[in-house]
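Peer 1: prediction below, plus the sequence it came from.
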Amino acid sequence: MISLGSVLNGELIYRGSFVDGRWRPASGSGWKVVSPANFEWVLPEVIASSSDADEAVASGRRAFKEWKNLGVEARIVFLKKFADELVARKDRIARVMAVEVGKPLDECIAEAQVLKTKIDITIEHGLKLVETETLDLGAQGRGEIRYLPKGVLVVIGPFNFPTHLSNGHIIPALLMGNVCILKPSEKTPYSAQVYMEAAEAAGFPRGVLQLVQGQGDVAVRLLRNPDVDGVLATTSYEIGAKIQRELGEKTEKIVALEMGGKNAAIVWDGADLDKVADDLIKSSYLTTGQRCTALSRVYVQEKLLRPLAECVHVRAKELVISHPFDEDPKPFMGPIVSAAAKDKFLRYSDIAESEGAEVVMRPKLLEGIPRKNRKPLPTGHYVSPSLNIVPEWNAKSPYQSHEIFGPDLFLCPVRELDEAIEAVNASAYGLAFSFFGGTEELFARVANEVQVGLAYWNRPTTGASSRLPFGGWKRSGNHWPAGLFAIYASTQVQARIL
């Protein structure tokens, strides 16, 4: 099996948190990051000091006024330098991410590439959303609507897209004149480290963009610091709810949350079942189902159920599951991220069967098992996807209602379109949805009824555009969409009368 050094194209050294313009290695005990793709890929121990949190906030507070007063054009110069440094490290970022998360290298390269894209789109399109507006108020004089920065913002990043989703909050915040402290997932400290090395090379003033490594206790310490003006987090609903409870009485702090999903699709008359099957595979199993937009519920017009199930099953059986750097052939799916995630995924498969689901494709543990005369997989958290048919939709079913965050999909027959819409809306989540079939007029009717932030017609749920807002309803968010609209969460509005 290829070594860690060869897949990383060099050595990886832990540098600690990046606070007040310098790296701060800590002492004491920490934790090791073991790749879910190969348990022999063990990264150096991560050691974090909770005191770094307080010092980062103090540094950010000192830096804020100067950065704010620098002006947007000068800030753009720094962000463009940052974009160049991210591009220069694209391969390094992708390889580190592939080791930490286990995603196929091509997926990681695509994620590394959009870091610069986010900067370009925010400068070109995001700034237009917060341009100063001038109004003639008649006898009252001249009015202005201005968007100003908030101050010191903490960005809490996820493990599944450790650079892209954090970057999506950081860039608009910095552009508006805020300063940011990134607290990454403890599963992906090295992806964050390489990202911050690009920031260091870009030459941001001290305290403008900082990295604080740590686990949950460090995040809590950052949230409780009175000099933090807000938190921008991508996380599960459960963690998001904890953040809101922690800051419940701190109404002066902005809390912008992007959370989970139990995403649904409807398949109706006129759908091309072969294309639908391809799109369902992409929506459900890409990134081993570890996307907030991953599809898990499909409500199918009754007469189409069996043909569609067969189309999906045929394709699911042929998916290539392997380590991220495999070349022959390249993998569609890597491992699931951890033992806990693997156990949860398998447990819900058992729950589905106990609730009466018809098992079309039972998930299996795959590590060490040869596939089609290829070499055995390395020891890691490898699973095959699951596919079930449930006899009817049931909003009280744990299997049908809980977010699993793994490669699981169920199909459910429905007779009437209104029944399908009701089933979609029965979920506590409301992030992504796809409608397959029908006409554009019918899609518009359905989109008006479903309670989701992202609605697609004849497309997978995993293709969000950076030119659009990205946010969920209900338990999938708290009314601060990311994507293009992320810039709003890092601003406060001031009305002026002159």
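Peer 2: That came in fine, so what should we check first?

Peer 1: and G21, how many neighbours?
Peer 2: 16 (other C-beta atoms under 10 Å). Where C-beta positions appear, they are placed from N, C-alpha and C, glycine not excepted.

Peer 1: gap between the nearest residue to it once chain neighbours are set aside and S59?
Peer 2: Leaving out its chain neighbours, the residue that sits closest to G21 by C-beta to C-beta, 6 or more residues apart in numbering is R206, at 3.5 Å. As defined by C-beta to C-beta, to the nearest Å, R206 lies at a distance of 7 Å from S59.

Peer 1: try V72
Peer 2: Using C-beta to C-beta, we find V72 at a distance of 22 Å from S59.

Peer 1: out of those two, which sits in the busier spot?
Peer 2: Taking neighbours as other C-beta under 10 Å, V72 and S59 compare with S59 leading, 20 against 13.

Peer 1: flag every buried residue along the one helix or strand the more buried one maps to.
Peer 2: Here S59, judged by DSSP states H and E, is contained in helix 51-69. Across helix 51-69, burial judged by 16 or more other C-beta atoms under 10 Å covers 52-61, 63-64, 67-68.

Peer 1: A strand includes P172, no?
Peer 2: No - counting by DSSP: H, G, I helix; E, B strand; the rest coil, P172 is not found in a strand; it is helix.

Peer 1: surely it touches L129?
Peer 2: No - between P172 and L129 there is no contact under C-beta atoms under 8 Å: 9.3 Å.

Peer 1: can you list residues touching both of the two?
Peer 2: I487 (C-beta atoms under 8 Å, 6 or more residues apart in numbering).

Peer 1: which residues are in contact with the following helix or strand past the helix holding S59?
Peer 2: Going down the chain from helix 51-69, the next helix or strand is helix 72-88, by DSSP H and E. By C-beta under 8 Å, 6+ apart, the residues outside helix 72-88 that reach it are 67, 93, 112, 115-116, 119-120, 123, 127, 171, 174-177, 195, 198-199, 201-204, 208.

Peer 1: tell me the buried residues within those residues.
Peer 2: Using 16+ other C-beta under 10 Å as the threshold, 67, 93, 112, 115-116, 119-120, 123, 127, 171, 174-177, 195, 198-199, 202, 204, 208 are the buried ones among the contacts of helix 72-88.

Peer 1: which ones among the contacts of helix 72-88 are found in helices?
Peer 2: 67, 93, 112, 115-116, 119-120, 123, 171, 174-176, 195, 198-199, 201-202 (DSSP state H).

Peer 1: so what's D274 up against?
Peer 2: Taking C-beta under 8 Å, 6+ apart as the test, what D274 contacts is C311.

Peer 1: which helix or which strand is home to it?
Peer 2: Using DSSP H and E, D274 maps to helix 273-285.

Peer 1: confidence score at A98?
Peer 2: If you check A98, the pLDDT there is 98.

Peer 1: where do the strands sit along the stretch 151-300 of the chain?
Peer 2: Applying DSSP state E, counting those that start in this stretch to the stretch 151-300 of the chain gives strands spanning 152-156, 179-183, 209-211, 230-234, 254-258, 263-267, 295-301.

Peer 1: for the third one, what is the distance to the chain centroid?
Peer 2: Spelled out, that is strand 209-211. 19 Å (C-alpha atoms, centre = their mean, to the nearest Å).

Peer 1: mean confidence for it?
Peer 2: 98.

Peer 1: residues in contact with it?
Peer 2: 17-20, 56, 59-60, 170, 174, 179-182, 184, 192-193, 195-196, 199.

Peer 1: go on, the second one?
Peer 2: Counting by C-beta under 8 Å, 6+ apart, strand 179-183 makes contact with 53, 56-57, 60, 63-64, 67, 151-157, 166, 169-170, 173-174, 192, 195-196, 207-214, 218-219, 222, 228, all of which sit outside it.

Peer 1: any regions of the stretch 351-498 of the chain where pLDDT drops low?
Peer 2: For the stretch 351-498 of the chain, the stretches flagged by pLDDT under 70 are 367-374.

Peer 1: quick one, helices of it?
Peer 2: Along the stretch 351-498 of the chain, the stretches classed as helices by DSSP state H, counting those that start in this stretch are 398-401, 417-425, 440-449, 486-489.

Peer 1: could you dump those helices to JSON lines with mean neighbour count and distance to W268?
Peer 2: Below are these laid out as JSON lines (neighbours: other C-beta atoms under 10 Å; distance: least, C-beta to C-beta, whole Å):
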{"stretch": "helix 398-401", "mean neighbour count": "19", "distance to W268": "20"}
{"stretch": "helix 417-425", "mean neighbour count": "19", "distance to W268": "7"}
{"stretch": "helix 440-449", "mean neighbour count": "14", "distance to W268": "8"}
{"stretch": "helix 486-489", "mean neighbour count": "24", "distance to W268": "33"}
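
Peer 1: how about CSV for those helices, with distance to A264 added?
Peer 2: Below are the helices of the stretch 351-498 of the chain laid out as CSV (distance: least, C-beta to C-beta, whole Å):
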stretch, distance to A264
helix 398-401, 10
helix 417-425, 4
helix 440-449, 11
helix 486-489, 25
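
Peer 1: L468 is nearest to which of those helices?
Peer 2: Evaluated over those, closeness to L468 peaks at helix 486-489, with 11.3 Å, by C-beta to C-beta.

Peer 1: what domains does the record give for the chain?
Peer 2: Using automatic domain parsing, the domain ranges for the chain come out as 4-259+479-497, 263-465.

Peer 1: what about the shortest one, start to end distance?
Peer 2: Read it as domain 263-465. One end of domain 263-465 sits 17 Å from the other (C-alpha to C-alpha, to the nearest Å).

Peer 1: same question for stretch 25-45.
Peer 2: Stretch 25-45 stretches 11 Å from its first residue to its last (C-alpha to C-alpha).

Peer 1: quick one: the nearest residue to L223 once chain neighbours are set aside and V154, what's the gap?
Peer 2: Closest residue to L223 apart from its sequence neighbours, by C-beta to C-beta, 6+ apart: E246 at 5.2 Å. Per C-beta to C-beta, E246 is found 12 Å from V154.

Peer 1: who's more crowded, the two?
Peer 2: The neighbour comparison of E246 against V154 (other C-beta under 10 Å) goes to V154, with 27 against 16.

Peer 1: and the more buried one, what does it touch?
Peer 2: Per C-beta under 8 Å, 6+ apart, neighbours of V154: C180, I181, K183, A219, L222, L223, V228, G230, V231, L232.

Peer 1: repeat that with 7 Å
Peer 2: Taking C-beta atoms under 7 Å, 6 or more residues apart in numbering as the criterion, V154 is in contact with I181, K183, L222, L223, V228, V231.

Peer 1: ditto for E66
Peer 2: Applying C-beta under 7 Å, 6+ apart to E66 gives the contacts P205.
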